[in-house]
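1. here's my sequence, what's the structure:
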Amino acid sequence: MIVVTGATGNVGRPLVRMLAEAGEQVTAVSRSRTEVADGVA
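-> Numbering: from 1, shown residues only. Got it, this is the predicted structure:
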(Lines give C-alpha, C1' and ligand atoms only; values in the text may rest on other atoms or scores of the structure.)
Protein backbone atom coordinates (compact mmCIF):
# COMPACT_ATOMS: atom_id res chain seq x y z
CA MET A 1 0.00 0.00 0.00
CA ILE A 2 1.20 3.48 -0.86
CA VAL A 3 -0.03 6.52 1.10
CA VAL A 4 0.18 9.86 -0.69
CA THR A 5 -0.11 13.00 1.44
CA GLY A 6 -1.22 16.14 -0.34
CA ALA A 7 -3.11 13.92 -2.76
CA THR A 8 -5.20 16.75 -4.22
CA GLY A 9 -2.32 19.14 -4.90
CA ASN A 10 -0.47 19.93 -8.13
CA VAL A 11 1.91 17.00 -7.72
CA GLY A 12 -0.21 14.65 -5.61
CA ARG A 13 -3.24 14.43 -7.91
CA PRO A 14 -1.33 13.20 -11.01
CA LEU A 15 0.84 10.98 -8.82
CA VAL A 16 -2.20 9.27 -7.29
CA ARG A 17 -3.74 8.80 -10.74
CA MET A 18 -0.55 7.30 -12.18
CA LEU A 19 -0.09 4.92 -9.25
CA ALA A 20 -3.71 3.76 -9.41
CA GLU A 21 -3.47 3.20 -13.18
CA ALA A 22 -0.30 1.14 -12.58
CA GLY A 23 -2.30 -1.16 -10.31
CA GLU A 24 -0.87 0.00 -6.99
CA GLN A 25 -3.04 0.09 -3.88
CA VAL A 26 -3.19 3.82 -3.03
CA THR A 27 -4.56 5.73 -0.05
CA ALA A 28 -4.96 9.47 -0.60
CA VAL A 29 -4.57 11.92 2.29
CA SER A 30 -5.64 15.56 1.95
CA ARG A 31 -6.89 18.47 4.03
CA SER A 32 -10.00 18.83 1.88
CA ARG A 33 -12.49 16.16 0.86
CA THR A 34 -12.51 15.94 -2.95
CA GLU A 35 -12.88 13.33 -5.64
CA VAL A 36 -9.91 11.02 -6.28
CA ALA A 37 -9.19 8.44 -8.95
CA ASP A 38 -11.21 5.20 -9.07
CA GLY A 39 -9.79 2.52 -6.80
CA VAL A 40 -8.18 5.00 -4.42
CA ALA A 41 -9.16 5.03 -0.77
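2. excluding residues flanking it in the chain, which one is nearest Gly12?
-> Gly6 (4.3 Å; CB to CB, 6 or more residues apart in numbering). C-betas here are computed from N, CA, C, even on glycine.
3. any buried residues in whichever strand or helix holds Leu19, and which?
-> If you go by DSSP states H and E, Leu19 is part of helix 12-21. For helix 12-21, burial by neighbour count (16 or more other CB atoms under 10 Å) applies to 12-13, 15-17, 19-20.
4. which residues touch the helix or strand where Ala28 lies?
-> Assessed by DSSP H and E, Ala28 sits inside strand 26-29. Residues outside strand 26-29 that contact it (CB atoms under 8 Å, 6 or more residues apart in numbering): 1-8, 12, 16, 19-20, 36-37, 39-41.
5. please repeat the previous calculation with a cut-off of 7 Å.
-> 1-5, 7, 16, 19-20, 36, 40-41 (CB atoms under 7 Å, 6 or more residues apart in numbering).
6. strands paired with it, and their directions?
-> Here strand 26-29 has these sheet partners by DSSP bridges: strand 2-5 (parallel).
7. before we move on, back to that, so can I have TSV of the contacts of strand 26-29 showing pLDDT?
-> Below are the contacts of strand 26-29 laid out as TSV (pLDDT from 0 to 100):
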residue	pLDDT
Met1	92
Ile2	95
Val3	96
Val4	95
Thr5	94
Ala7	90
Val16	93
Leu19	95
Ala20	92
Val36	72
Val40	79
Ala41	73
